[in-house]
Each structure stands twice: as structure tokens, then as C-alpha cells.
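Visitor: model this:
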Amino acid sequence: MVSAALCLCAGFTSAQIPAQDARNAADPPNTDTHFTARSYKTLAEWQERRAYLRKQILSAAGLLPMPQKTPLNPQIFGRIENRNYTIEKVLLETMPGYYLGGNLYRPLGKVAPEGGFPAIVSPHGHWSQGRLENTNLASIPARCINLAQQGYVVFAYDMVGYNDTIQTPHEFQTREYLLWDFGPYALQLWNSIRAVDFLESLPEVNRQKIGATGASGGGTQTFSLAAVDDRIQFAAPVNMVSLIMQGGAICENAASLRFDTNNVEFASMFAPKPMIMVGATGDWTKNTATEEYPAVKAIYQLYGKPENVEMFYQDAPHNYNQAAREAVYTFFGSHVLGLGGPIKERNIRVEQPSAMLALFNRTLPANALDFPGVFAEWKQRSRDAAEAVTDRNQVREMLELTLGAEWPAHVLSETHGENFALSREGRGDRVTGFHEAGKGAPMLFVHPDGAAAAQRNTGRNVYVIDVFRRTGPTDTKMFLTFNRSDDANRVQDILTALAWINTPNVELVGLGPKAGVWCQFAAALSRQPVKLHVNLGNFTGTDQEYLDNFFVPGVQHAGGLRAAKLLTNQ
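Guide: The predicted structure is shown next:
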């Protein structure tokens, strides 16, 4: 006897089941993959996608749920006055014991418009001098001074590990950090959100007119912030929105950040608010005019606002040079200040580093944490935020985003006698197994050594599957940014089989602790109730146990075993 679910799915042709699992491709998605932009037929379709992507970014950055915002305790000092602008040093305590450094540029001698001055957060990117970089290719002081002269309040702040923000290195990653979504991308996105909080706190700032601009890694920070923080009202991501390179540094590539997506979609999330995309012939934005800009503009057209996105493209190497800056000034001047015509850059006076660095001849405050202390603080804040979530749907969503898992709407199948193969529509995966018809409720059996090791002729109505086994490479650039971990794929395979059987109260059996943990998390995410039969052994959900038995980046941040048991009423 074949189950009803098997009959329903058998109408799909075998051609729809791939011969090889796409998750074991010889060239898996990575930061240098040439992606194709998705197209969206309706605004509703895009808005649904946008809402999902927003949660995916926040999840990858360890900011879902958003941790508590503690007092910034801003220190603003070392004021420099020039004819029509001022510069000050800034230290912000973005989380207890963790400090962000920067410079605040303000107009001088200008009367604030009604509502206050517009303001801009200005991340710097991977220039050797950080926020003090002043070369022909990129000058952070030149753009900040000129913007202040034009009537903006500007906050230029550090990437982690640069200038004054020295409590962590710039690039750092371990498997333990990944369990908690702790890394440079997460800290930088959090710092960017807190930088907006800081600008909002200034009495002369118009809180309804806050923008962002940065190039290179600062471009990644710009469109990441703009995608998740609705307070950003105008933006200029420079030389970073690309379909052929998604970011070359760890600080741009959190694990799980770009599951099935890319920077063009992230930039598109800012629509329909004013944005200028800046590209150049000499880097990965060389196709801006023919690929990235048309794709982003198509999203603006869905809103009926194509005039709100523009492109500046030049024959130049990777940069945020004067020509690019002037294009941004002009775009912002039109959309924010209500000015017409081009805005040219003025010459600037370059200050000495001693006048700009907040920690020059100073030390960090007494409560400043060392690197292990910053990680410990992050873990505690993550744990507190996760434990405060009690709504089951939200808990499930957090786990789904972390694993990149789904309850598939359509499962394709093919059968050959008792053997079957399954695939999710449009995913290219392949799950094989066998079905023995028998008595009783359906049972889905998962053996850590695969279906061949499972017992046959039980007399029960048993399905047995081979869960994912890695045979393809994992050494491509930023693999975990684009690809699920092996254990996350195994949970997905169990979900795919459960969705195919699609019957309430399937008995889900995981043999041994490893298969038991896979099944525990699959049962938590199942949209059909299951009867779970597992023995987790000594698995209690410590970091080391996850590293040894169930490696999924972000799993601890999402609540881990506690969350999975909550969803299975254990």
C-alpha cells in the first residue's frame, strides 16, 4: 500500500527531480558568484520578499530579536572650529563596556531650517587610515566637511578594529563565535543603528531627515543599515552594489546573511526612498549600468517612484573620489535640501590625527571590556533577548531563519518500487529513501548512517530517508554566508519528508544522539504535529556539544535546544 501523500505527489515527472543534489555542486554560491537579479511582477510580491529579507539580515547579524538599547553615554569633546563647520571627537558606549569612536561634523554659522538640520551617518570602508583616509581615491574628511558646509550634521564612525574602536580586531571568526552570530558584521550593523540613535539625540538634528553614505565596506554598511532601519531616509551606497562580488571581507559576510539572495536585493529594499548608486569600471560595480541599476530601478518602478533612484558611473578604480562625492552631494542636495544644479566640492583643511582621534593621549573608559569580555557580553545579551521571546510563532521563525529552513509548499517526488526521491520545487535538492507499507500510523525513521543501515521488515508503515551528506567543496569564499551547514541541511531534509507525507502525528524517530538532535529541531519546525521519539544522550545544548554534534551558525542566538523543546512541548 502506498500512502495518499505518495499518490498525490507521483503526478510530477521524474525530470523534476535532479540527478545530483545542488547543495553538493562543484562550484557552490560564494562571494564571487555571478548572480542573476530576480524579477518581481507585483509590488505585493516584492514587499513580502522584502519583509523576509529584513528578518534574514537581522537574524544573521544577531539582532533578531533586537537586543536592549542601553544608554550611549556619549562623550563629545575636542571641538575644532573652522569658518563654517566644526569637528568634535566622539565616544559612544553602544553596549555596556563596548565603545565606538568617531567624529561629529556640524554646520557653523548656518540657521537651522525648520525641524532641524538633516543628518548623515558615514561609515568609512576598508581604507588604510579608516575614517581619517584622505587620498585622491577616497577622502572621508573631504566628504564630511563638505556635507557639513552644505548644511548636514555628519557622524563619521569606525569599522571594528579601526582607529578608536579597538576592543576587537577587524576580522575575527571562530566556530564558537558563529554559534552566537558574533562577528564584525554583527557589531558593525549594531554600531550603525546606535550611530543613528546618537544623531537622533542631538537637538539640532531633524529626526525625519537622516541619511547614510559610505563606499566599499562602508557601502555594505550603508545598504545593510538602510535595509533594516526605517529611520534612514536617503542613501548613497558607493562602489559596492554588485551581482558579481558580494563583499571580500568577513565584516561583510556574516554566516547565513545571503542565503538565496545578494546585495542587489539588499539595496532594493530601500525603495522607494531616494538612493543614488555609484559604480566604476575598475571594480566589481563595472556592470552597474547594464545589470545592477536596471534591477534596482525595476523595484522602484513597482512603487511608481523610478525618479527616486539614480546612477553615477565613471571610468575609475575602486573609489569614493571627488567626482563620486560631487554626484552624491548633488543628489542629496536635490532630494534633501531642495537645491537645483550640481554641487561642487570645496577644498578642505586636513586636521592632524591627534586632533581627530578620540583616544589620542587617552585610554578607554574604566569599564571597557577586553575581547573575551565583549564576546561574553554579546552572549549574555543574546541569551536574554532570546529567552524573552515566548510567542511560539516568533520562536519558530527565529529557528527557521537561523537554519535557513522551510516547510515546503510543494514537494516533488518520484518512486521506483519502494524507493523514492524527493525535491523541493525550485531548490535543486535531492532526498532519497524507501517506504515499507505496513500497519499503523506513518513512521519517519532517521538513522545517522543512512537508510541502508535501517532495519527492514518491521511490519510498520515506515519511511526511511538518507539525510544530507556533504560530497561537494566547502572551501569557496565565505561559504557559510551563502550555504547552509550540513546539519541545517539534514534538518531540512527531514522537514521535506514530513511535508511530503503531510499527515498529522507522524512518528518521527531519530536513532542515536546525532539523529536525535536533527529530529528534535525538525519536529520543532514541522507544520504538522509529530510524535517525537529521540534519545539526545548527553546533549544538553552547550557550545561544545553544538560544535561537535550539531553545527549551525546562530543556533545559540536563536534559543538553541531550549527553543526547540519549547516548540515540541518538552
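Visitor: roughly how far apart are L147 and G218?
Guide: 14 Å (C-beta to C-beta, to the nearest Å). (Glycine included, C-beta is placed from N, CA and C.)
Visitor: more neighbours, the two?
Guide: G218 (31 against 28; other C-beta atoms under 10 Å).
Visitor: Confirm that that one sits in a helix.
Guide: Yes: under DSSP: H, G, I helix; E, B strand; the rest coil, G218 falls within a helix.
Visitor: what's it in contact with, if anything?
Guide: Residues in contact with G218 (C-beta atoms under 8 Å, 6 or more residues apart in numbering) are S122, P123, H124, G125, M159, V238, M240, Y320.
Visitor: Name the residues that touch stretch 40-60?
Guide: Contact partners of stretch 40-60, identified using C-beta under 8 Å, 6+ apart, comprise 38, 64, 66, 181, 185-186, 189, 224, 227-228, 254-257, 259, 261, 265-266, 268-269, 298-299, 302-303, 397-398, 401-402, 554, 558.
Visitor: buried subset of those residues?
Guide: 38, 64, 181, 185-186, 189, 224, 227-228, 254-257, 259, 261, 265-266, 268-269, 298-299, 302, 397-398, 401-402, 554, 558 (16 or more other C-beta atoms under 10 Å).
Visitor: From those residues, which land in helices?
Guide: Judged by DSSP state H, helices contain the following of those: 185-186, 189, 224, 227-228, 265-266, 268, 298-299, 302, 397-398, 401-402.
Visitor: Surely N489 touches R469?
Guide: No: assessed by C-beta atoms under 8 Å, N489 is found out of contact with R469, at 9.2 Å.
Visitor: In terms of neighbours, single out the busier of the two.
Guide: Using other C-beta under 10 Å, the more surrounded residue of N489 and R469 is N489, with 24 against 12.
Visitor: residues touching the more buried one, list them.
Guide: N489 touches R23, D429, V467, F468, counting by C-beta under 8 Å, 6+ apart.
Visitor: can you pick the most crowded of those?
Guide: With neighbours defined as other C-beta under 10 Å, the most crowded of the contacts of N489 is V467; it has 27 neighbours.
Visitor: Can you report phi and psi for that one?
Guide: Taking degrees, to the nearest 10, you get phi -80, psi 170 for the backbone angles of V467.
Visitor: How much space separates it from D548?
Guide: According to C-beta to C-beta, V467 and D548 sit 18 Å apart.
Visitor: Confirm that R143 sits in a helix.
Guide: Yes: when classified by three-state DSSP, R143 is found to be part of a helix.
Visitor: Could you pull up phi and psi at V506?
Guide: The phi/psi pair for V506 (degrees, to the nearest 10) is phi -60, psi 140.
Visitor: Does it touch A441 like I think?
Guide: Yes: in this structure, V506 is within contact of A441 by C-beta under 8 Å, at 6.9 Å.
Visitor: Compare the two (neighbour count), which wins?
Guide: Neighbour comparison, V506 and A441: the larger count goes to V506, with 23 against 12 (by other C-beta under 10 Å).
Visitor: contacting residues for the more buried one?
Guide: By C-beta under 8 Å, 6+ apart, the contact list for V506 reads A441, P442, M443, L444, L498, Q528, V530, K531.
Visitor: Test my guess that the first one contacts N505.
Guide: It refers to A441. Yes: with contact defined as C-beta under 8 Å, A441 counts as touching N505 (6.1 Å).
Visitor: Overlap of the contact sets of the two?
Guide: Going by C-beta under 8 Å, 6+ apart, residues that sit against A441 and also against N505 are K531.
Visitor: residues contacting A26?
Guide: Applying C-beta under 8 Å, 6+ apart, we find A26 in contact with G472, P473.
Visitor: ok, it to A138 distance?
Guide: 37 Å.
Visitor: What are the buried residues along stretch 428-441?
Guide: Applying 16+ other C-beta under 10 Å to stretch 428-441 flags D429, R430, V431, T432, G433, F434, H435, E436 as buried.
Visitor: check contacts around the closest residue in space to V350 that isn't next to it in sequence.
Guide: Spatial nearest neighbour of V350, excluding adjacent residues (C-beta to C-beta, 6 or more residues apart in numbering): N134 at 5.5 Å. Shown in contact with N134 (C-beta under 8 Å, 6+ apart): I140, P141, A142, V350.
Visitor: what would those residues look like in a markdown table with pLDDT?
Guide: Listed next are the contacts of N134 as a markdown table, based on pLDDT from 0 to 100:
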| residue | pLDDT |
| --- | --- |
| I140 | 98 |
| P141 | 98 |
| A142 | 98 |
| V350 | 95 |
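Visitor: What about these, which one has the most neighbours?
Guide: For the contacts of N134, the largest number of neighbours (other C-beta under 10 Å) sits with I140, at 25 neighbours.
Visitor: Make sure it is actually in contact with N146.
Guide: No: using C-beta under 8 Å, I140 is not in contact with N146, being 11.1 Å away.
Visitor: How about the helix or strand harbouring V296, which residues are buried there?
Guide: If you go by DSSP states H and E, V296 is part of helix 293-302. Under the neighbour-count criterion of 16+ other C-beta under 10 Å, helix 293-302 has Y293, A295, V296, K297, A298, I299, Y300, L302 buried.
Visitor: Hmm, the second one is touching F266, no?
Guide: What it means is A295. No: using C-beta under 8 Å, A295 is not in contact with F266; the gap is 11.7 Å.
Visitor: care to break this structure down by domain?
Guide: 4-57+389-567, 66-383 (automatic domain parsing).
Visitor: ok, and which of these has the densest surroundings?
Guide: Greatest average neighbour count among those goes to domain 66-383 (a mean of 20), per mean count of other C-beta atoms under 10 Å.
Visitor: how far does that one stretch from start to finish?
Guide: 12 Å (C-alpha to C-alpha, to the nearest Å).
Visitor: Ok, stretch 460-478 next?
Guide: End to end - C-alpha to C-alpha - stretch 460-478 spans 44 Å.
Visitor: got it, and stretch 444-460?
Guide: Across stretch 444-460, the terminal residues are separated by 11 Å (C-alpha to C-alpha).
Visitor: ditto for stretch 151-160
Guide: Terminal residues of stretch 151-160 are spaced 28 Å apart (C-alpha to C-alpha).
Visitor: And stretch 397-417, by the same measure?
Guide: 37 Å.
Visitor: swap in stretch 230-245?
Guide: Rule used - C-alpha to C-alpha; the end-to-end distance of stretch 230-245 is 26 Å.
Visitor: could you pull out the strands for the stretch 201-350 of the chain?
Guide: Here the stretch 201-350 of the chain has its strands, by DSSP state E, counting those that start in this stretch, at 205-215, 232-238, 275-282, 309-317.
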